[in-house]
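1. Quick one, structure for this:
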Amino acid sequence: MFLRKVESKRKSGYTHTTVQLVESYRNEEGKSRTRILYHFGPLDKFLQADADKLVDSVLKMKGEVFLDHLEKFGSAKNFGDLFTIFRILKELKFFQEIEKIKESETRIEFDLVGHINALISNRINDPSSKLKLLSWLELVYLPELKSSGINYNNLLRSMDFLIKHKKRLEDRLAESVLSIFDLSLRMCFYDMTSSYFETNNLSDSDIRCYGYSRDNRSDRVQVTIGVVMTEEGIPIAHYVFPGNTADVSTLQEVVKDIKDRFGDFREVSIVTDKGMTSDKNIDYLLSGDHSFIVGESKTKKISREILSEANTEQEDKESGFTYEKVVPYKYEVDGIKRLCNLRYVCSFNPETYRLNAEKFKVKLADYEEKLSEINVKDIDSADKYSQLKSWLKSHGMVKWFDLSIQGDVVISKSKDSVLSSVQAGFGWFLIKSNLSWEWNKEELVSGYKTLWKVEHGFRELKHSFDIRPMYHWTERRIRAHVFLCFIGMVATSVIEKRLKDSGIDMSWEKCLYEMRKIKVIDYRTKSGIYGHAINEISKQQEKLFRAVGCPKPKLGHL
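-> Reported below is the predicted structural model:
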């Protein structure tokens with residue numbers, strides 16, 4: 001198919017030139033022929049009125065533009081990273097699930113997917129309040145946004161929709177992730193964190209409470225957040241509890257929920273830290289035939305005995321060492337007493353040992369300095385005693401010394417047995433498990449260490465996604481806000497795993513930063529056509545798109 005000029009000479013000597021759209025074909029005899037598809041009319045009128053528009057239209061379809069045809073460039077908006085996030089969530093069938101649910105929500109008439117996409121993309125790209133999100137939208141180009149009519153009230157309605165259908169949407173994400181990566185839920189890693197609020201204006205039934213703060217802000221109310229991850233570090237479930245919830249009290253509820261949602265859970269090992277460990281929880285796991293690897297406190301009597309044995313067996317402090325002891329354990333199921341063997345495993349790290357030993361020396365030196373400082377004060381000896389006791393308590397050293405008053409000074413005597421026990425734990429961590437001997441002690445230690453991926457996820461939750469500050473005070477909006485951050489964690493975990501699987505040593509933040517350089521640029525041609533263009537995509541960016549499983553952005557994606 002091509003354009004053809006046709007010239008015809010008039011009697012006056014004037015040559016009349018017209019333009020035709022022509023295609024080639026072969027007739028029944030197999031001979032090459034041409035036929036006219038369209039007459040554009042005189043050449044001069046075509047060049048003046050239609051040629052530029054025709055060229056611009058064709059180039060626009062191809063995603064290209066001739067610079068000579070441009071009259072004006074408009075704004076350049078971030079697109080590449082948002083396109084990646086959208087495609088990942090689409091691959092996880094997240095937006096498709098929303099559309100299915102929406103079919104029964106007849107009162108929802110706005111672009112629900114567009115609003116939820118904006119909420120999630122903003123949380124990953126440039127975390128801000130829902131009001132500031134509206135200003136952020138002016139700087140970005142969201143893929144497949146059905147309309148520009150995103151407004152604040154509909155953003156809040158979208159959050160209400162998310163939390164109302166939290167379980168179904170979260171299950172959809174988990175099932176998609178496990179299917180895409182062909183993962184078997186061999187291990188479940190569970191841990192908790194907290195997030196505080198600046199306000200202390202509370203109602204009687206408020207989910208925000210004072211409690212143990214991981215942010216060292218005991219003066220602020222908070223909520224506690226639990227996350228369950230696969231051993232690959234991909235989140236599959238999350239929970240929001242009142243701020244005064246003890247970690248240990250949540251384990252049974254979470255295990256039951258995961259079991260209900262993911263079927264037969266007996267082949268899945270629960271991995272969690274010592275904050276979740278209690279005799280009651282161990283009994284619960286054993287009675288349900290759940291296998292587990294849990295952290296164990298070094299202050300318990302059995303722990304001190306095992307650490308003492310481990311230190312005796314250890315030849316030096318310059319290399320790693322693993323020690324195991326099997327200990328009988330009694331528990332009860334339906335009133336019937338049972339006996340099993342639990343495996344206690346100690347792991348020693350020489351670098352951690354050196355750090356612990358150095359901190360110990362510093363703490364003792366600080367204490368001697370504080371003791372001298374308080375004893376020379378011109379105050380009553382009872383006040384000196386009280387101040388010193390308070391200082392020891394705040395530094396976790398109150399059990400290390402016996403204090404007494406003699407005259408106007410406080411006398412301090414170290415508890416040698418306690419200090420020896422503390423030093424015996426330097427460089428060690430202790431776990432216990434009921435896993436079979438198919439797992440050797442080193443594999444148990446390796447499995448437990450994978451728990452750091454949950455802690456890494458919490459750091460991202462707090463810093464990369466800026467879960468705090470929260471600009472919400474009702475329970476459902478607080479829960480919805482955390483859910484948005486969780487969805488962001490899932491999407492970026494998929495990106496990071498695929499980068500790793502492709503042999504690319506890069507964080508998801510750095511990956512999306514590179515993709516953010518891909519912009520959508522508004523333009524207007526001399527013929528008056530408005531359109532969009534995408535700036536040139538580099539080889540590095542093409543490599544990243546292939547690695548994370550996304551197509552290279554084209555104008556057809558706008």
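2. Show me the strands in the stretch 51-200 of the chain, by range?
-> Listed in chain order, the strands found in the stretch 51-200 of the chain under DSSP state E, counting those that start in this stretch are 70-78, 187-196.
3. Next: the stretch 201-350 of the chain.
-> Using DSSP E, counting those that start in this stretch, strands in the stretch 201-350 of the chain cover 222-229, 235-242, 269-272, 291-296, 321-333, 336-348.
4. burial measure for the residue lying closest to residue 304 once chain neighbours are set aside, as a count.
-> Excluding the flanking residues, the one nearest residue 304 by Cβ to Cβ, 6 or more residues apart in numbering is residue 421, at 5.5 Å. In short, each C-beta sits where N, CA and C put it, glycine included. Taking other Cβ atoms under 10 Å as the neighbour definition, residue 421 ends up with a count of 17.
5. same check, this time on residue 398
-> Burial measure for residue 398: 14 neighbouring residues, criterion other Cβ under 10 Å.
6. burial of residue 246, as a residue count?
-> As a measure of burial, residue 246 has 14 neighbours, counting by other Cβ under 10 Å.
7. will you turn the strands of the stretch 51-200 of the chain into CSV that also has mean pLDDT, distance to residue 390 and mean neighbour count?
-> Supplementary listing: those in CSV, determined by pLDDT from 0 to 100; distance: least, Cβ to Cβ, whole Å; neighbours: other Cβ atoms under 10 Å:
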stretch, mean pLDDT, distance to residue 390, mean neighbour count
strand 70-78, 71, 52, 14
strand 187-196, 86, 24, 24
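8. Can you classify the residue nearest to residue 304 by secondary structure?
-> On the three-state scheme (DSSP: H, G, I helix; E, B strand; the rest coil), residue 421 is labelled helix.
9. Assess the claim that it and residue 301 are in contact.
-> No - under the criterion of Cβ atoms under 8 Å, residue 421 lies out of contact with residue 301, with a separation of 10.3 Å.
10. Of all the strands of the stretch 201-350 of the chain, which one is nearest residue 173?
-> With respect to residue 173, and counting by Cβ to Cβ, the nearest of those is strand 235-242 at 7.6 Å.
11. quick one: the strands in the stretch 401-550 of the chain?
-> 401-406, 409-414, 428-433, 519-525, 530-534.
12. Nearest to residue 281, out of these?
-> Of all the strands of the stretch 401-550 of the chain, strand 428-433 comes closest under Cβ to Cβ, at 11.7 Å.
13. Number of residues surrounding residue 312?
-> Around residue 312 sit 9 other residues, with neighbours defined as other Cβ under 10 Å.
14. how near is it to residue 325?
-> Between residue 312 and residue 325 the distance is 12 Å, computed by Cβ to Cβ, to the nearest Å.
15. Residue 188 too?
-> If you measure residue 188 against residue 325 using Cβ to Cβ, the figure is 26 Å.
16. quick one, what contacts residue 274?
-> Residues counted as contacts of residue 274 (Cβ atoms under 8 Å, 6 or more residues apart in numbering) are 294-297.
17. Leaving out chain neighbours, which residue sits closest to it?
-> Using Cβ to Cβ, 6+ apart and skipping the chain neighbours, the partner closest in space to residue 274 is residue 295 (3.5 Å).
18. tally of neighbours for that neighbour?
-> The burial metric for residue 295, expressed as a neighbour count using other Cβ under 10 Å, is 18.
19. ditto for residue 222
-> Using other Cβ under 10 Å, residue 222 is surrounded by 26 other residues.
20. re the thing from before, quick one, which of the strands of the stretch 201-350 of the chain is nearest to residue 514?
-> Per Cβ to Cβ, nearest to residue 514 of these: strand 235-242, 23.9 Å.
21. The stretch 151-300 of the chain: helices as residue ranges?
-> When assigned using DSSP state H, counting those that start in this stretch, the helices of the stretch 151-300 of the chain occupy the ranges 152-164, 166-180, 251-262, 279-287.
22. Need these in a markdown table (columns: mean pLDDT and mean neighbour count).
-> Converted to a markdown table, these look like this (pLDDT from 0 to 100; neighbours: other Cβ atoms under 10 Å):
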| stretch | mean pLDDT | mean neighbour count |
| --- | --- | --- |
| helix 152-164 | 93 | 18 |
| helix 166-180 | 94 | 18 |
| helix 251-262 | 88 | 17 |
| helix 279-287 | 91 | 16 |
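23. Would you format those helices as JSON lines with distance to residue 548 included?
-> Shown next, in JSON lines, are the helices of the stretch 151-300 of the chain (distance: least, Cβ to Cβ, whole Å):
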{"stretch": "helix 152-164", "distance to residue 548": "24"}
{"stretch": "helix 166-180", "distance to residue 548": "12"}
{"stretch": "helix 251-262", "distance to residue 548": "26"}
{"stretch": "helix 279-287", "distance to residue 548": "37"}
